[in-house]
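S.K.: coordinates only, no sequence provided:
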């Protein structure tokens, strides 16, 4: 495999695309949010002004056929309800009457991945907390998102950088960051990362610790695979997989620095295939990135291993 493409970290994309559907031009999500936030300022408090304050910092991040909604936790809330409405057909008139449907209840974390959306439509979300006694908080201000199909250029836009976090012989502890230099958001759940090393024979996921993951380590799975045909600097690799709640890497953005630790009893870190001695973040073509099943960044050690994660 020879899939390396060299790129520099792109600056943030400032423009927001205008969506077109059925011949009607739709305002960009940010425009909808500004208009509706003003319109519903008073409607959003339900009919109980004494209710606890609404969740704050609600955000909706769109990918392909997916929107990840996040918010700041409400002190004392035992769960949350998430409501969704179609911005094209509903301008929050129904909020006053509290008649629109609840998308989901019983959410215990301050994140929800909505995978029932369609590309090419604009969706609005509001969130409220539920207290242990069943009383509901006020509703949040709206967050707007527009899922879009991810074009082929996504496969040319992913760059992985790494730096050295620990130089000990028995412990592997790199920090990695995935850059998205393209113009479309990328779902982290479509990405897998492989780090090749030695001394991994008979190791398993219990030997891997995830550290400093900006979107929470519970949204990452680590698998250790022993290679049937070991190569120079690699008899195993650790594969990182991300679930839907990990969210997206925005266009022109990055996953954020994340690190993992592999504990082993043999092997030398500096001899590992994917090792990099850089102390500052730099492109690392020996850590391989897969997008939707295919390699899009980096070089493997030279042997095609059975893809056990499909």
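M.R.: Yep, that arrived. Here the structure is a predicted model, which is why all the values come from computation and not from measurement.
S.K.: doesn't residue 133 fall inside a helix?
M.R.: No - assigned with DSSP: H, G, I helix; E, B strand; the rest coil, residue 133 falls outside any helix and is coil.
S.K.: and it, how far is that from residue 72?
M.R.: Taking C-beta to C-beta, to the nearest Å as the measure, residue 133 falls 21 Å from residue 72. The way it works is simple: take the backbone N, C-alpha and C, and place the C-beta from them, glycine included.
S.K.: quick one: which of the two has more around it?
M.R.: When neighbours are counted by other C-beta atoms under 10 Å, residue 72 comes out ahead of the other of residue 133 and residue 72, with 14 against 7.
S.K.: phi, psi for the more buried one please.
M.R.: The phi and psi torsions at residue 72 (degrees, to the nearest 10) take the values phi -80, psi 130.
S.K.: for it, give me its contacts.
M.R.: 55, 56, 57, 110 (C-beta atoms under 8 Å, 6 or more residues apart in numbering).
S.K.: same check, this time on residue 234
M.R.: Going by C-beta under 8 Å, 6+ apart, residue 234 touches 196, 197, 198, 227, 272, 273, 274, 301.
S.K.: neighbours of the fifth one, how many?
M.R.: Burial of residue 272 is recorded as 24 neighbouring residues (other C-beta under 10 Å).
S.K.: my read is that it contacts residue 200, right?
M.R.: No - Residue 272 is beyond contact range of residue 200, at 9.6 Å (criterion: C-beta atoms under 8 Å).
S.K.: roughly how far apart are the nearest residue to residue 209 once chain neighbours are set aside and residue 172?
M.R.: Using C-beta to C-beta, 6 or more residues apart in numbering and skipping the chain neighbours, the partner closest in space to residue 209 is residue 261 (4.5 Å). Using C-beta to C-beta, we find residue 261 at a distance of 7 Å from residue 172.
S.K.: for the two, indicate the residue with more neighbours.
M.R.: Each of residue 261 and residue 172 has its neighbours counted (other C-beta under 10 Å); residue 172 has more, 26 against 15.
S.K.: give me the spatial nearest neighbour of the more buried one, chain neighbours excluded.
M.R.: Nearest in space to residue 172, with sequence neighbours left out and distances taken as C-beta to C-beta, 6+ apart, is residue 262 at 4.1 Å.
S.K.: please name the bridge partners of that neighbour.
M.R.: In this entry, residue 262 is beta-bridged to residue 172, residue 208, by DSSP bridges.
S.K.: for it, give me its contacts.
M.R.: 171, 172, 173, 197, 200, 203, 207, 208, 224, 238.
S.K.: Serialize those to JSON lines and add fields for pLDDT.
M.R.: Formatted as JSON lines, those follow (pLDDT from 0 to 100):
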{"residue": "171", "pLDDT": "85"}
{"residue": "172", "pLDDT": "90"}
{"residue": "173", "pLDDT": "91"}
{"residue": "197", "pLDDT": "94"}
{"residue": "200", "pLDDT": "90"}
{"residue": "203", "pLDDT": "87"}
{"residue": "207", "pLDDT": "90"}
{"residue": "208", "pLDDT": "93"}
{"residue": "224", "pLDDT": "90"}
{"residue": "238", "pLDDT": "94"}
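S.K.: buried subset of those residues?
M.R.: Buried members of those, counted by 16 or more other C-beta atoms under 10 Å: 172, 173, 197, 200, 203, 207, 208, 224, 238.
S.K.: got the phi/psi numbers for the fourth one?
M.R.: Right, residue 200. phi -100, psi 0.
S.K.: tell me who's in contact with it.
M.R.: By C-beta under 8 Å, 6+ apart, the neighbours of residue 200 are 224, 226, 235, 236, 237, 238, 262, 264, 267.
S.K.: pop out the phi and psi values for the most centrally placed residue in the chain.
M.R.: When C-alpha atoms, centre = their mean is applied to the chain, the residue found nearest the centroid is residue 247 (2.5 Å). The phi and psi values for residue 247, taken as degrees, to the nearest 10, are phi 90, psi -150.
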